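Enquirer: sequence plus the predicted model coming up.
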Amino acid sequence: MAMKILASILIAYLLGSIPTGLWIGKYFYHKNLRDYGSGNTGTTNTFRILGPKAGILTLVIDILKGTLATLIPIWLGITDISPLFFGVFAVLGHTFPVFAQFKGGKAVATSAGVMLGFAPLYLIFLLIVFGVTLFLTSMISMSSVIAALVAVLTMLIFPSFHFLLPDYDLLFSLLVLVLAGIIIVRHRDNLTRIKNKTENLVPFGLNLTKQKPK
């Protein structure tokens with residue numbers, strides 16, 4: 001069993017380490033995403049620099065990395081450790097990828113994939129929060145941070161009402177805190193730009209905070 005656990009951790013990290021946007025840009029568009037836009041290799045910058053086809057493909061693969069990392073230990077028969085534990089290693093791989101000099105994305109899509117594998121209805125709720133915030137603010141960064149904060153609050157509240165999360169789970173709570181923390185920390189620069197009213201916007205929504213990107 002110990003070997004299965006170690007193998008699952010390694011697989012999860014290596015899955016997370018696949019720098020989807022970076023590789024798609026290099027091999028299909030002959031562009032290094034680090035030289036364009038925000039310099040980030042995640043979904044948002046891929047959409048912005050390479051277009052919707054590359055952006056959607058990056059989003060799907062980055063989500064699946066988290067989902068597979070969560071499901072593989074279940075398939076291997078590991079039942080005494082929460083699958084979320086292994087999902088965190090996929091998020092760490094996405095954030096600090098061994099295949100891309102440990103400089104990765106901001107963990108949103110892969111964190112969503114982890115939730116998809118463990119609590120799909122709860123993920124749908126968080127996606128609704130993300131979508132509403134995106135429409136109101138026109139900012140993917142703000143939407144990601146708000147969804148992370150809502151995840152922290154609701155994992156404390158929802159089990160009391162047996163809504164979406166039926167019971168309190170200490171490990172689940174700790175892992176949600178870890179994932180939310182990674183997302184928020186990885187958006188430090190975005191939060192500074194939001195404060196300065198210069199954050200990048202998507203081409204729709206209300207832009208309620210009146211950002212004016214340079």
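Expert: Thanks, I have it. Computed from a predicted model, the values in this text were never measured in an experiment. Numbers count the residues shown, from 1 in each chain.

Enquirer: contacts and neighbour counts: CA atoms only from here.
Expert: Noted.

Enquirer: so what are the domain limits for this protein?
Expert: 1-118, 120-214 (automatic domain parsing).

Enquirer: may I ask which helix or strand of this structure has the lowest mean pLDDT?
Expert: helix 170-186 (a mean of 89; mean pLDDT, DSSP states H and E).

Enquirer: now do that one: distance to the chain's middle.
Expert: Its chain's C-alpha centre and that of helix 170-186 lie 11 Å apart, by Cα atoms, centre = their mean, to the nearest Å.

Enquirer: need the domains of the chain in CSV (columns: mean neighbour count).
Expert: Converted to CSV, the domains of the chain look like this (neighbours: other Cα atoms under 10 Å):
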stretch, mean neighbour count
domain 1-118, 21
domain 120-214, 17
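
Enquirer: now do the biggest helix by length in the chain: everything it contacts.
Expert: Longest among the helix segments of the chain by residue count, using DSSP state H, is helix 52-75. With contact meaning Cα atoms under 8 Å, 6 or more residues apart in numbering, helix 52-75 is reached by 4-5, 8, 11-12, 15-16, 20-21, 24, 42-44, 46-48, 79, 83-87, 90-91, 109-118.

Enquirer: just the CA trace of the strand or helix carrying residue 7, in CSV.
Expert: Element membership for residue 7 (DSSP states H and E) is helix 2-17. Listed next in CSV are the C-alpha coordinates belonging to helix 2-17 (Å, rounded to 0.1, in the frame of the first residue of the first chain):
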residue,chain,number,x,y,z
ALA,A,2,2.9,2.4,0.8
MET,A,3,4.2,2.0,-2.8
LYS,A,4,0.8,2.7,-4.2
ILE,A,5,0.6,5.9,-2.1
LEU,A,6,4.0,7.1,-3.2
ALA,A,7,3.2,6.2,-6.8
SER,A,8,0.0,8.2,-6.6
ILE,A,9,1.8,11.2,-5.1
LEU,A,10,4.4,11.1,-7.9
ILE,A,11,1.8,10.6,-10.6
ALA,A,12,-0.3,13.5,-9.3
TYR,A,13,2.7,15.8,-9.2
LEU,A,14,3.9,14.9,-12.7
LEU,A,15,0.4,15.3,-14.1
GLY,A,16,0.2,18.7,-12.5
SER,A,17,3.6,19.6,-13.9
